[in-house]
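Participant: For reference, the sequence and a predicted model appear below.
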Amino acid sequence: MHPPSVDALARSLADLDLPHPLAVDAAREAIASGDPTAARPLAEAARRRLLVPVVNATGVLLHTNLGRAPLVPARPPASAGWRAANLELDLETGRRGSRQSRLAPLLTRLTGAEDALVVNNGAAALLVALAALAAGRDVVVSRGELVEIGGGFRIPEVLQASGARLVEVGTTNRTRLGDYRAAVERHDVGAILKVHQSNFRQVGFTEQVDVASLATLGPPVVADIGSGLLDANTPWLAGPPPSWLAGEPAARQTLAAGAALVTFSGDKLLGGPQAGVVAGSAEAVSACARLPLVRALRPGGLVVEALQTTLLAYLSRQGRAIPFWRMATEPLAALEARAAALGVGEVVRCRSAAGGGSLPGLGIDSVGVAVPGDRLAALRGWDPPVVGLARGGATLLDLRSVDPADDEILAAALAAVTTP
């Protein structure tokens, strides 16, 4: 028997909504293997390698593997056709403008900074700040703050890439103001770096120096607050700040304490797209903006739009329009009602986590549903995929990280994978 033609086999896969060239690749591979029936599984595998929406039922609100912060829905287009945007056009003069001018006024209003700059991620923000203030000079850092951030990047390596020289002070668990003062007196210090331990916690016999004290020593203080909390008072929420935010450094308060610059990520507690923010004094931010490096690290138009949409929600005090804050502050009673309405599995109490290297060790009370056995692979195979957790011989789906609009999808997937 002759094998089917590549074209005929590829066309039989049209229902998978895969571009024809990729279906052709799957058909050719299957025919070459001697098993034309393998074309469909190969094509399905190719489709699942693409970026697709998933239902996050892990309870990790800022899941790095799932893109961290879900984005605020963008405004509808002005027309049904192709849409341009004034990314770098000054509408008043008709001349070229700056994409930074879309975001800086919003960030300064929210944080109290004199100026702000946006780059493509949090590590880049710190790199730019150190390169601007301390290239060729010394930067003083506590040994207890020489942390490793996501992806294996370490503070000493970021410092080296910036052209600054690292001066370590104190010990792993205790660093005093006198340690910093002695280093400032002995070295050519361009900046003092304060790094928030955003992805781990130290407890026990520990001591750290706050930004206000460091600011008295003379050199500019760069505070990497990491997670991007804009204001400890959370004015965008209807009630008081959630208890799980206690002790989390915020941009507004850190700048008020005397930091020359704060740096933070856009896709953590800020709840926006992947981006890095540098905010602080006009002089320091201007020094950052003059670096040729900034052009290589600038955000794209989609990031600018998504971040602008997020910041406008903050300024409008519409915290629940920001998916992270809506998930994080959803009342338990509402979660219990949603879990019961699924009609599948046992309603259980559980604990969610902020994730994304934010608020380590702290959980948020939550509600989910549990079904017996490990159903994770089957749920990931659903369309759209559902991602959950395996706990104690059962599969747990935490509803705090699930958009209520996806509850029907969740119920259908659970019913399918648990039906004998």
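Facilitator: Cool, the structure landed.
Participant: what about the strands in this structure?
Facilitator: Secondary structure of the chain by DSSP state E: the strands cover 55-56, 115-119, 138-142, 165-169, 189-195, 221-226, 261-265, 276-280, 346-355, 358-372, 386-387, 389-391, 394-398.
Participant: for those strands, which one ends up most surrounded?
Facilitator: strand 261-265 (a mean of 31; mean count of other Cβ atoms under 10 Å). From N, CA and C alone the C-beta is placed, and that goes for glycine too.
Participant: Go ahead and produce CSV holding the CA coordinates of it.
Facilitator: C-alpha atoms of strand 261-265 as CSV (Å, rounded to 0.1, in the frame of the first residue of the first chain):
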residue,chain,number,x,y,z
LEU,A,261,16.4,55.8,42.8
VAL,A,262,14.1,52.8,43.2
THR,A,263,14.0,50.0,40.7
PHE,A,264,11.3,47.3,40.4
SER,A,265,9.5,44.9,38.0
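Participant: the inter-axis angle of that strand versus strand 189-195?
Facilitator: On the basis of axes from the mean of the first three to the mean of the last three Cα atoms, to 10 degrees, strand 261-265 is oriented at 40 degrees to strand 189-195.
Participant: what's around the residue lying closest to residue 136 once chain neighbours are set aside, how many residues?
Facilitator: Setting aside the residues directly before and after it, residue 136 is nearest to residue 163 in space (Cβ to Cβ, 6 or more residues apart in numbering), at 5.9 Å. Under the neighbour criterion other Cβ atoms under 10 Å, residue 163 is assigned a count of 14.
Participant: My guess is residue 163 contacts residue 128. True?
Facilitator: No - counting by Cβ atoms under 8 Å, residue 163 stays clear of residue 128, with 11.5 Å between them.
Participant: And the pLDDT at the nearest residue to residue 391 once chain neighbours are set aside?
Facilitator: Distance criterion Cβ to Cβ, 6+ apart; nearest residue to residue 391, sequence neighbours excluded, is residue 370 at 7.3 Å. Per-residue confidence (pLDDT) for residue 370: 96.
Participant: Repeat that for residue 132.
Facilitator: On the pLDDT scale, residue 132 gets 97.
Participant: Is it in contact with residue 292, as I believe?
Facilitator: No - with contacts counted by Cβ under 8 Å, residue 132 stays clear of residue 292, the gap being 11.3 Å.
Participant: Compare those two and say which is more crowded by neighbours.
Facilitator: Comparing residue 132 with residue 292 by other Cβ under 10 Å, the one with more neighbours is residue 132, at 26 against 7.
Participant: For that one, which residues are in contact?
Facilitator: 284, 287-288, 290-291 (Cβ atoms under 8 Å, 6 or more residues apart in numbering).
Participant: want to try JSON lines for these, with pLDDT as columns?
Facilitator: Below are the contacts of residue 132 laid out as JSON lines (pLDDT from 0 to 100):
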{"residue": "284", "pLDDT": "98"}
{"residue": "287", "pLDDT": "97"}
{"residue": "288", "pLDDT": "97"}
{"residue": "290", "pLDDT": "96"}
{"residue": "291", "pLDDT": "96"}
